[in-house]
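Undergrad: sequence first, predicted model second:
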Amino acid sequence: MNAKDLIENLPDYQCEQNLDMINIEHIEMDHRLLKTDSLFVCIKGHTVDGHQFAEAAVENGATVILAEKELDLSVPVVIVPDTARALAHLANIFYDHSSSKLKVIGVTGTNGKTSVTHIIDEIHQYAMQKTALIGTIQMVIDGESHPVKNTTPDALFLQKNLHEMVEKKIDVATMEVSSHALDLGRVHGVDIDIAVFTNLSQDHLDYHQTMQNYLYAKSLLFSQLGNTLKHERPKYAIINQDDEYAEFLKRATAQPILTYGVQNKASFQAINVKLMANGVSFIMKTPKGNVLIESKLMGMFSVYNLLAAAAAAYASGIELELIKNVLNNTSGVKGRFQPVEHKKAFGVIIDYAHTPDSLENVLSTIKRFCEGNIHVVVGCGGDRDRSKRPLMAEVSCQYADQAIFTSDNPRSESPQAIIDDMVKGLKNNNYQTVLDREEAIRQAIEQANAKDVVLIAGKGHETYQIVGDKVLDFDDEKVAIKYLNS
Ligand SMILES: CC(=O)N[C@H]1[C@@H](OP(=O)(O)OP(=O)(O)OC[C@H]2O[C@@H](n3ccc(=O)[nH]c3=O)[C@H](O)[C@@H]2O)O[C@H](CO)[C@@H](O)[C@@H]1O[C@H](C)C(=O)N[C@@H](C)C(=O)N[C@H](CCC(=O)O)C(=O)O
Ligand SMILES: Nc1ncnc2c1ncn2[C@@H]1O[C@H](COP(=O)(O)OP(=O)(O)OP(=O)(O)O)[C@@H](O)[C@H]1O
Ligand SMILES: N[C@H](CCC[C@H](N)C(=O)O)C(=O)O
Ligand SMILES: [Mg+2]
């Protein structure tokens, strides 16, 4: 693409040099990945300032630099007030507004995004549509898996892959939209058709500082719904009517709304809910009549996830009978309330609960059917919201008979200091602290008797432990199996 034609799309830029004869084949924000004929965008990050790589970028093949300040370089420098915003805008144009050429479903909320996106994706696949999925675990394009760094990728990765999806004739892309992504504008320009809200509870206060800021970030998915210049499909907001922030989020959007819930009247409402030891059942009231749902997924939180996915699929035009079939057959996501297969007389469950609310949901679900004692192994991530640490410890001691507090991705923090934060002020004493996660899992399994349940929480599908800068192999399931078989 001609550099001048591309850059002229920006509302506010300065460039002293001539861009007429320059061809842009790639846009890049990481100088290590540069190819020839590239536009390099300097982003001021949380760790480093990308402007410091501009010179190296030119050496690596950049023919135009987009920056927030003047730089003395041998190639033209385009100056804009905000390079991150400009990048999202330009990537959308460079990749030809790809999001407007396929259906995009975005799911936000503190808990349940991965779970709900997977069910929505399954429903569309069952309806014979070609699908893509972007989220915490991976990006999947028509069955092909790609690794991801973030739950919601940066604008460049996102636009590039939406383009790939259009090339591969994907009908519907379902993506998790994190609050960080919304705050940082990673989805600017993405023409989302159906926006889903799961719930809001405490997490990420290291980043957002207050719950108001966190709520505001989440609300951007709804206030930006339908804001893109080019869009052809109708828009829908899908809101959890039982969440305390439902009304705020409904007011954030001007698009049609479908609600779901259990306690309050909603477009998709679960009545006669039965929470059983082997799943849930309920009557799902819908705008097109009632259907009986009998699912293997566990707990009240799964009822909400099933309703959210059903409402989104309905808004997407899928037949109710088909939605029902998938809800009744879905087996959930790896690392989410996942039973470990073994021959002992107690249960072991791996789960990704890493917030006070999700931990409470999972533990209270176990409490409903556990006939023995509940053991929980849990830690809190380093370089993440510190204020959730004592809350997670308190919930653990409140619902479990025995808690073992251990490490979960300590990152740059001292593992002991994280555990100290967890137990500071804790009134209960039904806990131990075991720094080494493998040893913690071993002890929990050793302590379990017949009919007990061991919950290993916080890491779910993760196959690593981040300690300092090192990413070490660690898989809760494999470790549990090792001690269950010994
Ligand atoms: C705080 C945050 O969101 N950070 C994201 C950000 O990293 P950063 O700001 O530290 O970037 P940086 O390293 O300072 O680099 C700045 C610029 O210099 C460039 N650079 C850097 C080094 C170099 O040698 N050359 C170079 O060109 C980089 O490509 C970048 O353009 O940009 C990176 C690239 O897009 C992201 O991967 C990174 O996510 C980090 C890994 C992260 O942990 N993010 C978390 C907080 C996050 O976003 N989480 C949410 C999930 C939350 C949930 O599940 O609810 C998510 O969506 O993943
Ligand atoms: N609707 C829900 N409400 C509360 N807790 C839930 C809900 N759905 C799932 N959970 C719990 O939260 C954990 C994480 O679920 P999931 O991975 O679907 O959430 P997420 O929003 O994608 O999380 P992340 O922000 O880390 O990507 C699950 O393992 C389960 O314990
Ligand atoms: N998306 C969440 C995942 C947390 C998973 C937990 N294992 C941890 O590392 O804290 C985060 O990045 O905060
Ligand atoms: Mg997720």
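TA: Noted; the coordinates are in hand. Residues are numbered from 1 along each chain as shown. Ligands and ions are numbered 1, 2, ... in the order given.

Undergrad: for Met175, which non-adjacent residue is closest in space?
TA: Computed as Cβ to Cβ, 6 or more residues apart in numbering, the closest residue to Met175 that is not its neighbour in sequence is Ile134, at 4.0 Å. Every residue, glycine included, has its C-beta placed from N, CA and C.

Undergrad: distance of the one you found from ligand 2?
TA: Ile134 sits 11 Å away from ligand 2, going by Cβ to the nearest ligand atom, to the nearest Å.

Undergrad: so who does that residue touch?
TA: For Ile134, the contacting residues are 117, 148, 152-153, 158, 161, 173-176, by Cβ atoms under 8 Å, 6 or more residues apart in numbering.

Undergrad: wait, is Ser302 part of a helix?
TA: Yes - under DSSP: H, G, I helix; E, B strand; the rest coil, Ser302 falls within a helix.

Undergrad: I'd say it and Met276 touch.
TA: No - contact criterion Cβ atoms under 8 Å: Ser302 and Met276 do not qualify, at 11.3 Å.

Undergrad: among those two, which residue is more densely surrounded?
TA: Taking neighbours as other Cβ atoms under 10 Å, Ser302 and Met276 compare with Ser302 leading, 25 against 11.

Undergrad: so what sits opposite the residue nearest to that one when sequence neighbours are not counted in the bridge?
TA: In this structure, Ser302 finds its nearest non-sequential neighbour in Val280, 5.8 Å apart by Cβ to Cβ, 6+ apart. Beta-bridge pairing of Val280 under DSSP bridges involves Leu275, Ser295.

Undergrad: what's around Val280, how many residues?
TA: By other Cβ under 10 Å, the residues close to Val280 number 23.

Undergrad: if I look at it, how far off is ligand 1?
TA: 25 Å.

Undergrad: Leu71 now?
TA: Distance from Leu71 to ligand 1, counting by Cβ to the nearest ligand atom: 14 Å.

Undergrad: for stretch 283-300, what is the average pLDDT?
TA: Mean pLDDT, taken over the full extent of stretch 283-300, equals 97.

Undergrad: next: stretch 253-271.
TA: Across stretch 253-271, the per-residue pLDDT values average to 98.

Undergrad: run through who's touching that stretch.
TA: Stretch 253-271 is contacted from outside by 195, 222-223, 225-226, 234-242, 246, 250, 273, 282-287, 293, 300, 303-304, 307-308, 310-311, 314-315, using Cβ under 8 Å, 6+ apart.

Undergrad: buried ones among those residues?
TA: Using 16 or more other Cβ atoms under 10 Å as the burial test, the contacts of stretch 253-271 include 195, 222-223, 225-226, 235-242, 246, 282, 284-286, 293, 300, 303-304, 307-308, 310-311, 314-315 as buried.

Undergrad: out of the residues you listed, list just those in helices.
TA: Using DSSP state H, the members of the buried ones among the contacts of stretch 253-271 that fall within helices are 222-223, 246, 300, 303-304, 307-308, 310-311, 314-315.

Undergrad: can stretch 327-342 be said to contact ligand 2?
TA: Yes - counting by Cβ under 6 Å from any ligand atom, contacts between stretch 327-342 and ligand 2 involve Arg336.

Undergrad: roughly how far apart are the residue nearest to Ser302 and Met1?
TA: Per Cβ to Cβ, to the nearest Å, Val280 is found 51 Å from Met1.

Undergrad: same question, His204
TA: The value you get for His204 to Met1, if Cβ to Cβ is used, is 37 Å.

Undergrad: looking at the two, which one has more neighbours?
TA: Neighbours were counted for His204 and for Met1 using other Cβ under 10 Å; His204 has more, 19 against 15.

Undergrad: element containing the closest residue to the more buried one other than its chain neighbours?
TA: Leaving aside its chain neighbours, His204 sits nearest to Asp385 (5.6 Å; criterion: Cβ to Cβ, 6+ apart). For Asp385, there is no host helix or strand (DSSP states H and E).

Undergrad: and Asp385, how many neighbours?
TA: 21.

Undergrad: next one: Lys367
TA: Neighbourhood size, Lys367 [other Cβ under 10 Å]: 13.

Undergrad: assumed it was part of a strand.
TA: No - Lys367 is assigned helix when assessed by three-state DSSP, not a strand.

Undergrad: against Leu297, how distant is it?
TA: Distance of Lys367 to Leu297, given as Cβ to Cβ: 17 Å.

Undergrad: kindly report the same for Val116.
TA: Distance from Val116 to Leu297, counting by Cβ to Cβ: 11 Å.

Undergrad: swap in Val291?
TA: The gap separating Val291 from Leu297 is 16 Å, by Cβ to Cβ.

Undergrad: more crowded one of those two?
TA: When neighbours are counted by other Cβ under 10 Å, Leu297 comes out ahead of the other of Val291 and Leu297, with 21 against 18.

Undergrad: who in the stretch 101-250 of the chain is up against ligand 2?
TA: When proximity is defined by Cβ under 6 Å from any ligand atom, the stretch 101-250 of the chain lies next to ligand 2 at 109, 111-115, 136, 151, 176, 198-199.
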